[in-house]
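Trainee: Here is the input, now give the coordinates:
(one chain, ligands or ions: 1)
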Amino acid sequence: MNRHVAIATLNLLPLSVSDEFRAALAEWHFTGHVIDYPPKSGWVCCELCEQLHLSHNFEIANSQTNTSLLVDSSCILRFPEIVVRDRSGVAVTDAASRNACLREALQTRLKERALEPLQTALKKTPEHRPELERIVGAITECGRLDPKDILSLFDILRCAGIAFIPSDYTVNIRSAQATRQMLAMSESQRERIRPALSRDQFKRFAYLFRENDRVFSP
Ligand SMILES: [Zn+2]
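Mentor: Next comes the predicted model:
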């Protein structure tokens, strides 16, 4: 028995009916809940194998003993006995589909987290309701926002004193319209949306503005 399985066995058996590890694992299922942590939160512990990791925890539960554990997704994938169900409630057994279900649950949670400050803003700043509702729609439908919408959103949230995590929002810079919006922004506006840009986007963003300066400077 490797160390990983030995520790998992010690943690799992007291919370399970069976006293045999593989049979006990089969009593457990992924609940669909993902516990997310803000960026740079540091290490979190998997309650099954006790390994530290830098990602999110996924909840597994045993309905026979009414207990739950917060575990790293790698532990769910490592032990195929833990039941993972797709959106329609059907158990999926192949590794790729199980992984896809876990990724989908994580994306759902991250989208919820991105929408939470907007829900607060809708109550706190009713004057921005039409714009906020349009942005909620864009996040819900495609998960990305044009630079102009990111800027409007961040300005609304900052003015209203609503906490948010800029990197929760994905900027669309692929379309010609998005590029035009970025080119039209002032330096101060670019700085305000900068925390939402990925490293690669920032590189492209900087290049575009250098190009812009070169083309349009007198
Ligand atoms: Zn683990």
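
Trainee: what bits of this protein have low per-residue confidence?
Mentor: Scanning the chain for pLDDT under 70 picks out 1, 207-218.

Trainee: which stretches of it form strands?
Mentor: In the chain, the strands defined using DSSP state E lie at 28-35, 44-45, 52-53, 57-62, 67-72, 84-85, 91-92, 144-145, 170-171.

Trainee: out of these, which comes closest to residue 193?
Mentor: strand 170-171 (6.8 Å; Cβ to Cβ). (Each C-beta comes from the backbone N, C-alpha and C, glycine too.)

Trainee: Can you name every helix or strand that that closest one contacts?
Mentor: The helices and strands touching strand 170-171, judged by 3 or more Cβ pairs under 8 Å, 6 or more residues apart in numbering; DSSP states H and E, are strand 144-145.

Trainee: Let's check: the centremost residue of the protein is which one?
Mentor: residue 110 (3.1 Å; Cα atoms, centre = their mean).

Trainee: what's residue 28 in contact with, if anything?
Mentor: Residue 28 makes contacts with 12, 16, 60-62, 69, 81-83, as judged by Cβ atoms under 8 Å, 6 or more residues apart in numbering.

Trainee: Narrow these to those that are buried.
Mentor: 12, 16, 60-62, 69, 82-83 (16 or more other Cβ atoms under 10 Å).

Trainee: Adding distance to residue 140, write these out as JSON lines.
Mentor: Supplementary listing: the buried ones among the contacts of residue 28 in JSON lines, determined by distance: Cβ to Cβ, whole Å:
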{"residue": "12", "distance to residue 140": "37"}
{"residue": "16", "distance to residue 140": "38"}
{"residue": "60", "distance to residue 140": "28"}
{"residue": "61", "distance to residue 140": "28"}
{"residue": "62", "distance to residue 140": "33"}
{"residue": "69", "distance to residue 140": "31"}
{"residue": "82", "distance to residue 140": "30"}
{"residue": "83", "distance to residue 140": "29"}
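
Trainee: For residue 45, state which of these is nearest.
Mentor: Ranked by distance to residue 45 (Cβ to Cβ), the buried ones among the contacts of residue 28 are led by residue 69 at 10.8 Å.

Trainee: surely the closest one meets residue 49?
Mentor: No: with contact defined as Cβ atoms under 8 Å, residue 69 does not count as touching residue 49 (10.3 Å).

Trainee: The ion contacts on the protein?
Mentor: Proximity of the chain to the ion (Cβ under 5 Å from the ion) is limited to residues 46, 48-49, 72, 75.

Trainee: out of those, who has the most neighbours?
Mentor: When neighbours are counted by other Cβ atoms under 10 Å, residue 48 leads those with 26 neighbours.

Trainee: List the buried residues for the helix ranked longest in the chain?
Mentor: Across the chain, the longest stretch assigned as helix under DSSP state H is helix 95-124. By neighbour count on 16+ other Cβ under 10 Å, the buried set for helix 95-124 is 98-99, 101-102, 105-106, 109-110, 114, 117-118, 120-121.

Trainee: go on, stretch 135-155?
Mentor: 135-136, 138-139, 144-154.

Trainee: Among those residues, which one lies nearest to the ion?
Mentor: residue 139 (31.0 Å; Cβ to the ion).
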